[in-house]
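**Q** Please work out how this folds:
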Amino acid sequence: MTANSGSIEINGLSYTYPDGTRGLANVSLSIASGQSVAILGPNGAGKSTLLLTLPGLIFGTGRISIAGIPVSPKTVRDVRKRVGIVFQNPDDQLFCPTVYDDVAFGPVNMGLSADEVKERTESALSSMGLAGYEHRSSHHLSYGEKKRASIATILSMDPAIIAFDEPSANLDPEGVHDLCAVIRAITKTKIVVTHDIGLAVKLADRAIVMRDGLVVEDMPMRELSGDKRRQRELKLAFD
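**A** Have a look, this model is predicted:
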């Protein structure tokens, strides 16, 4: 991959849902290849909407470029090779008879050879601590195991950018700790959508805060994590 293969450029992006609800309002930002970014804000802030625009799952007005490729209906096939989304509910990504089949699904549909599919699938499972789970049904996994399996389905496609939508949802503290270790070990451009400032501090170097479809703050995570007053102003902390 090239040096900018995981870069993102967004200029003047707006999106309105069919019922008239504003999802995004003139969002502009740049994310460098290899950067770890948290997108923070309350429910309804526009975080997940922004995530869905990156691989062209929804289209707004304005411009998005992934590794210099403009996102459009004509380019989505190429763009989606570069952007993977780990959804909040792992059951949205696990639908095959076995864990192996789930993780192999992406590489198979990319047209890779049988040997490369096997190599990528086994590597992704191993990196998620799921070696030996190949023949198990995802429905029989614990919730934390499902989370890791859903990440493996994305890793097997080797995208330059991985976005995580509320990755700690429904996990107990031990599960959150284990998942944070897994995410930190991934050496790609990472975007973590969350309302949890504590999780964001553990996973990201940069904080982008959204409210009502707008970007209201963009600053280094170390500065935000040490500024309780600013966290309260942004309604990220209430103590």
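**Q** So what sits opposite the residue nearest to the spatial centre of the chain in the bridge?
**A** Note on the chain: the residue nearest the mean C-alpha position is Ala163, at 1.2 Å, using C-alpha atoms, centre = their mean. Under the criterion DSSP bridges, Ala163 forms beta bridges with Ile85, Ile191.
**Q** and it, what does it touch?
**A** Ala163 makes contact with Leu51, Leu54, Val83, Gly84, Ile85, Val86, Lys190, Ile191, Val192, Val193, according to C-beta atoms under 8 Å, 6 or more residues apart in numbering. (Each C-beta comes from the backbone N, C-alpha and C, glycine too.)
**Q** List buried members of those residues by neighbour count.
**A** Neighbour counting by 16 or more other C-beta atoms under 10 Å classes Leu51, Leu54, Val83, Gly84, Ile85, Val86, Lys190, Ile191, Val192, Val193 among the contacts of Ala163 as buried.
**Q** quick check, nearest of the residues you listed to Lys202?
**A** Val192 (9.3 Å; C-beta to C-beta).
**Q** right, and that closest one touches Ile161 too?
**A** No. The criterion here is C-beta atoms under 8 Å, and Val192 misses it with Ile161 at 12.0 Å.
**Q** Give me the common contacts of the two.
**A** When C-beta under 8 Å, 6+ apart defines a contact, no residue borders Val192 and Ile161 alike.
**Q** Give the closest residue to Ala67 in space, chain neighbours not counted.
**A** Ser5 (4.9 Å; C-beta to C-beta, 6 or more residues apart in numbering).
**Q** give me every residue that touches the one you found.
**A** Contacts for Ser5 (C-beta under 8 Å, 6+ apart) come out as Ser33, Ala67, Arg82, Ala160.
**Q** all strands in the protein, in order from the N-terminus.
**A** For the chain, the strands defined by DSSP state E occupy 8-16, 22-31, 36-40, 61-66, 69-70, 83-86, 161-165, 189-194, 206-211, 214-220.
**Q** what does the third one rub up against?
**A** Surrounding strand 36-40, the residues in contact under the criterion C-beta under 8 Å, 6+ apart are 31, 47, 50-51, 189-195, 197, 199-200, 203-210, 221, 234, 236.
**Q** ok so, going back, export the buried ones among the contacts of Ala163 as TSV, with columns for pLDDT and distance to Gly62.
**A** Formatted as TSV, the buried ones among the contacts of Ala163 follow (pLDDT from 0 to 100; distance: C-beta to C-beta, whole Å):
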residue	pLDDT	distance to Gly62
Leu51	95	15
Leu54	97	13
Val83	97	17
Gly84	96	22
Ile85	96	20
Val86	96	25
Lys190	97	23
Ile191	97	18
Val192	97	23
Val193	96	19
